[in-house]
Every structure is written in structure tokens, then in C-alpha cells.
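Enquirer: sequence first, then the predicted structure:
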Amino acid sequence: MARVLTLGEIMLRLSVGGGVRLADASVLAANYGGAEANVAVSLAQFGHQAAFASVVPENALGDGAVRHLSRFGVDCSRVLRGGARLGTYYLEEGVGARGSQATYDRAGSSFAAVDACPWDLDELFRDVDLLHISGVTPAVSSTWRVIAPEVVRGAVERGVRVSYDVNFRAKLWSWDACMEVFLELLPYISVLSAGIGDVQGALGLELTAWDEDALADAYTRLFEAAPLLETVYSTRRTVHSSSSNDLTGYLMARGGALAHSRTHRIEPIVDRVGGGDAFAAGVLHGVLSGWDARRTIEFGCAAGALKHTVAGDCNRFTAAEVEQFLRSGADVAR
């Protein structure tokens, strides 16, 4: 299996459900999560050597974040300790026609407050095959807006492939800033999670309504602009309610046609947060295993769909369980 390093911020998640508004909550459920941390957990569950790089405080919350990752088999030797606090976000879970809402409290966190890259890049990328990072990381602070591209370039210079998830978060930065970083990183990316709007926005293409032909055209143009790009993928989500979604995956490999997965009806949704991270990890598992486009996107979308059935940010399913789900769906496994 592959040696994968993910890099980003892990946070404490405090959530309220059961139709209670956050402002009225008296009890909050605690979990740990973050885009790159969630991907590391999934990849470790799939049998890869997954490591996570971050900065967390030297206190009980930092200990909890490390223990959370370690119990899923993630290597935390590149998690540094220091700074004042662990970033936090509050989740008000949606019901029916009301969607979930995230409230961030992460300014000045141990991760956000670094003033320069805290790792020696030769050491960081020793025995690493692939780096995974998302657009959340450069959005965290103006310093990370500089560090993240440095880390990505450093990975490629050391023969490490780069996986990037555009993962735009409007509560952290602007669309224009997100596209600027995406374009800056594009020459170094091998595996990319990007929707049609991401691609059209970055390349200055006409923004069109979604359809498969438009997606295939956007991805074809992206390959022309990105010399190292091997694979690009995304999901198509139809939201019927906060507890009922349809999910389909799409993937194109360089020189190939657009492939798509079956459509999964996810109902009821237990927890949507982290579904995209599970999807990304599932696609990376297929890419790292050398699978063809159709098998890769089927596995990735199934992994993403399964994440919606468990509470917390990260996926708890092994590769064998994802394959079983693809064969049997909701039938009882005996």
C-alpha cells in the first residue's frame, strides 16, 4: 500500500442536533475533525500508511486530537505541539428543509498562528509517496496562504505526487482568493477534486449549467492547462432535504472519457460532514491501487455515501466494507 501524508488543521467539533438551535443548546457533542485529518483516517482504514502533519496545542485538547487520529492507525509523528489553542467549530445540524450551519472559532489557533513552515521539508517528505492537502489550509491565515504553495512545490521537487481538493469555504476566504491559489497550485497537482464551477472559474471559461458534456469539456481543458494532472473528480449532489440526498461521482483520467458511478440515495442522513473527505479518500485509494476510472469512482462514491451513515467527521469503514456495500447495499451481511 502507499505512503500518504495529509497536511492541515484538525479541530474540535461541537455539535447540536435534535432540532435544537445552537443559540439554545445546553448540551454539545464533541468530536475531532478536519478535511485532511478525515482523509488520513479513511486511508488508514483502507490499509495505506497514512500520516498527518499539523500543529496542535500542548494541552488536553491537543492530546485528544492526537489520540483520535492514532486510534484509527494514523501516524502522528509529524504533528507538532505548541501554540495557544485548538481550532473549534460548532455545528448546528439541519432538519428537513433547513440545512446545517457551521460556526468557526479557529482564529489564532496553534495551526493558524505559525509564522513560517514549521517542518524541514526533507524530513516532512521522507518516505512519502503522495501529499494530500485541501483549499481549507491556505484559507486558514495569510501565512498559510504563503506556506501551502511552498509545501506543495517542495513535495513535487522531492518526487512526491500531490493531491488537492479545492474545497472552497466561503466563511474563510473569498472565491477570487480561492481561485488564485488553485491556479498557483495547478501546475503541481497530480490528483484533483474540483467541480465544474471550480474549473470554469479558474480557467476563465464561461460559467454554464451542469451537465455531463460541460463537465467533460471543462476537465479536458484542465488537462491541457495542468502538465502533471493525472486524475480529476467530483460529485453531483441532489438535495431533497437535509436528511435525503442523491450522490453520484464523476472522474476523468488523462486521455480517458468521463466515468461516473451509480447514484446513491442516502436516506436518512446521519451526518453529512466529512462526506466529501471520505469520497476523496476513496478515489485516492483507487488511484493508488492502480484501478481503472470506473472502479475508482464507484469505490470513491460508495465511501462517501457510507460516511453519511455514521456520526462524526471521519469515515469508520474498511475497504472490504466499502466493497461489501457496493455488492449488497442495505441488505444484511451474514
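Expert: Structure's in. What do you need?
Enquirer: for the nearest residue to residue 267 once chain neighbours are set aside, what are its contacts?
Expert: Setting aside the residues directly before and after it, residue 267 is nearest to residue 244 in space (Cβ to Cβ, 6 or more residues apart in numbering), at 4.2 Å. For glycine as for every other residue, the C-beta is placed from the backbone atoms N, C-alpha and C. Neighbouring residues of residue 244 by Cβ atoms under 8 Å, 6 or more residues apart in numbering: 265, 266, 267, 268, 269.
Enquirer: switch the residues you listed over to JSON lines; also include secondary structure.
Expert: Below are the contacts of residue 244 laid out as JSON lines (DSSP: H, G, I helix; E, B strand; the rest coil):
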{"residue": "265", "secondary structure": "strand"}
{"residue": "266", "secondary structure": "strand"}
{"residue": "267", "secondary structure": "coil"}
{"residue": "268", "secondary structure": "coil"}
{"residue": "269", "secondary structure": "coil"}
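Enquirer: let me have those in a markdown table, extended by distance to residue 258 and neighbour count.
Expert: Below are the contacts of residue 244 laid out as a markdown table (distance: Cβ to Cβ, whole Å; neighbours: other Cβ atoms under 10 Å):
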| residue | distance to residue 258 | neighbour count |
| --- | --- | --- |
| 265 | 22 | 11 |
| 266 | 23 | 21 |
| 267 | 27 | 12 |
| 268 | 31 | 10 |
| 269 | 27 | 20 |
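Enquirer: and which of those residues is nearest residue 102?
Expert: residue 269 (15.7 Å; Cβ to Cβ).
Enquirer: measure the closest one to residue 141 for me?
Expert: To residue 141, residue 269 is 32 Å away according to Cβ to Cβ, to the nearest Å.
Enquirer: one more: residue 291?
Expert: 37 Å.
Enquirer: give me the more crowded residue out of those two.
Expert: residue 141 (22 against 16; other Cβ atoms under 10 Å).
Enquirer: wait, that one touches residue 113, no?
Expert: Yes - contact criterion Cβ atoms under 8 Å: residue 141 and residue 113 qualify, at 7.5 Å.
Enquirer: starting at the chain centroid, how far to the helix or strand that contains residue 286?
Expert: Following DSSP states H and E, one finds residue 286 within helix 275-288. For helix 275-288, the separation from the chain centroid amounts to 8 Å (computed by Cα atoms, centre = their mean, to the nearest Å).
Enquirer: also stretch 174-183?
Expert: That offset, for stretch 174-183, works out to 17 Å (Cα atoms, centre = their mean).
Enquirer: what pairs with the helix or strand where residue 50 lies, parallel or antiparallel?
Expert: In the assignment (DSSP H and E), residue 50 maps to strand 49-56. Strand 49-56 has its sheet partners listed here by DSSP bridges as strand 3-7 (parallel), strand 75-81 (parallel).
Enquirer: so which of those strands gets nearest residue 32?
Expert: strand 75-81 (12.0 Å).
Enquirer: of all the residues in that closest one, which ones are buried?
Expert: Using 16 or more other Cβ atoms under 10 Å as the test for burial, strand 75-81 gives 75, 76, 78, 79, 80.
Enquirer: out of these, who's nearest residue 281?
Expert: Among those, and counting by Cβ to Cβ, the member closest to residue 281 is residue 75, at 15.5 Å.
Enquirer: show the pLDDT at the nearest residue to that closest one once chain neighbours are set aside.
Expert: Residue nearest to residue 75 in three dimensions, not counting chain neighbours: residue 51, with 3.9 Å by Cβ to Cβ, 6+ apart. Note on residue 51: pLDDT of 98.
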